[in-house]
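Asks: Compute the structure for the input listed below.
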Amino acid sequence: MKLSSSLRSLFRKKNRGLTADRGESDEHLVRRSEELLRLALRGAHAGAWVIDVAGGTTHWNEQLDDLYGFERSQSPSFQRWIDSLHPDDREWAVADLDARLDSTTTDFEREFRTIHP
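Replies: Below you'll find the model as predicted:
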């Protein structure tokens, strides 16, 4: 299927600056990649979070605050996530996450219930 020239032109305008150019700095490419991820997550109404196990820190995006009903003024934490889980799901959800952290798998895809404040 071929795109019409007007559709191709519109696509190029919308995506201008989103493709890598030769000679672009690594820092610029990282910023561009982060922006694309942010846009994709926002468009999908999805949240993302990262746990730095060694450093003991947790980071997540604003969409995760919205999904869980968290106040943005509160700092992300692993305990805050645990506390948001339905009491009947906490034990197995945390055990499943612990098992993932002990493995070489980096993805955590699991369904569980949460309690909104």
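Asks: Low-confidence ranges, the chain, go.
Replies: Along the chain, the model assigns pLDDT under 70 to residues 1-24, 106, 108.
Asks: Quick one: list the elements packing against the top helix by length along it.
Replies: Determined from DSSP state H, the single longest helix within the chain is helix 26-44. Here helix 26-44 touches no other helix or strand, going by 3 or more CB pairs under 8 Å, 6 or more residues apart in numbering; DSSP states H and E. C-beta: built from backbone N, CA, C; applies to glycine.
Asks: helix or strand right after that helix?
Replies: Sequence order places strand 49-52 as the next helix or strand after helix 26-44, per DSSP states H and E.
Asks: Can you list the buried residues in that next one?
Replies: Residues I51 are the ones in strand 49-52 that count as buried (16 or more other CB atoms under 10 Å).
Asks: Which neighbours in the sheet does that strand have, and how are they oriented?
Replies: Strand 49-52 sits in its sheet next to strand 57-60 (antiparallel), going by DSSP bridges.
Asks: circling back to that earlier point, how far does the longest helix of the chain sit from its chain's centre?
Replies: Distance, stretch centre to chain centre, for helix 26-44: 11 Å (CA atoms, centre = their mean, to the nearest Å).
Asks: With just CA atoms, put that helix into PDB.
Replies: Below are the C-alpha coordinates for helix 26-44, written out as PDB (Å, rounded to 0.1, in the frame of the first residue of the first chain):
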ATOM      1  CA  ASP A  26      24.400  10.500  21.900                       C
ATOM      2  CA  GLU A  27      22.900  12.800  24.500                       C
ATOM      3  CA  HIS A  28      20.500  14.300  21.900                       C
ATOM      4  CA  LEU A  29      19.500  10.800  20.800                       C
ATOM      5  CA  VAL A  30      18.800   9.800  24.400                       C
ATOM      6  CA  ARG A  31      16.700  12.900  24.900                       C
ATOM      7  CA  ARG A  32      14.800  12.200  21.700                       C
ATOM      8  CA  SER A  33      14.200   8.500  22.700                       C
ATOM      9  CA  GLU A  34      13.000   9.600  26.100                       C
ATOM     10  CA  GLU A  35      10.600  12.000  24.500                       C
ATOM     11  CA  LEU A  36       9.200   9.300  22.200                       C
ATOM     12  CA  LEU A  37       8.700   7.000  25.100                       C
ATOM     13  CA  ARG A  38       7.000   9.700  27.100                       C
ATOM     14  CA  LEU A  39       4.600  10.400  24.200                       C
ATOM     15  CA  ALA A  40       3.900   6.700  23.700                       C
ATOM     16  CA  LEU A  41       3.100   6.100  27.300                       C
ATOM     17  CA  ARG A  42       0.900   9.200  27.500                       C
ATOM     18  CA  GLY A  43      -0.900   8.100  24.400                       C
ATOM     19  CA  ALA A  44      -1.500   4.600  25.700                       C
END
